[in-house]
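Asker: could you work out the structure for the sequence below:
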Amino acid sequence: MQPERVRISVLFYPAPHVSNEQFRRYWLQEHGRTFMSLDIVKKNLTKYEQFHFDIDVNSNLSAAMNTAPSPYWGMCVFEAESYEKITEVLSHPEYTRVVFPDEKNFIDRGRSQVISGKFVTVFERAKL
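Answerer: Have a look, this model is predicted:
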């Protein structure tokens, strides 16, 4: 485990009015820019990643593994030096005023999920 950084992930459930293509495009091209425009984000986060799910591959994997298909279309990861710094971003007045309302354009916040934890690398192939 790497104690010098913490991460939270948010699993995004799509808004009912958007297609998968609209979801991906808006999140990457519009919402990402909106989020990154906030000074508190640049001050407190060390990394912001978007993981755009491949719905077709996920369906095939779920069928192959006999698991329930994921209802989520994406996941973002916030990395910082502490959970307090992440919480400060998410509770900041500018986030509440700018980012929170913009999310309605592509996600259903009430059906999305926030998770926290520590990444532990169990295996990593040596780079050539």
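
Asker: next, name the residue at the spatial heart of the protein.
Answerer: Nearest to the mean C-alpha position of the chain, counting by C-alpha atoms, centre = their mean, stands Cys76 at 1.3 Å.

Asker: which SSE is it in?
Answerer: Per DSSP states H and E, Cys76 falls inside strand 74-80.

Asker: returning to that earlier point: where's the residue nearest to the centre of the chain relative to Ile55, distance?
Answerer: Here the criterion is C-beta to C-beta, to the nearest Å. By it, Cys76 lies 17 Å from Ile55. For glycine as for every other residue, the C-beta is placed from the backbone atoms N, C-alpha and C.

Asker: before we move on, the earlier item: counting by contacts, list what the strand holding Cys76 packs against.
Answerer: strand 6-12, strand 45-52, helix 83-90 (3 or more C-beta pairs under 8 Å, 6 or more residues apart in numbering; DSSP states H and E).

Asker: do that again at 6 Å, thanks
Answerer: strand 6-12, strand 45-52 (3 or more C-beta pairs under 6 Å, 6 or more residues apart in numbering; DSSP states H and E).

Asker: pick the most deeply packed of these.
Answerer: strand 6-12 (a mean of 19; mean count of other C-beta atoms under 10 Å).

Asker: from the contact counts, what lies against that strand?
Answerer: Strand 6-12 packs on strand 74-80, strand 113-117, going by 3+ C-beta pairs under 6 Å, 6+ apart.

Asker: average pLDDT for stretch 11-18, rounded please.
Answerer: Averaged across stretch 11-18, pLDDT comes to 98.
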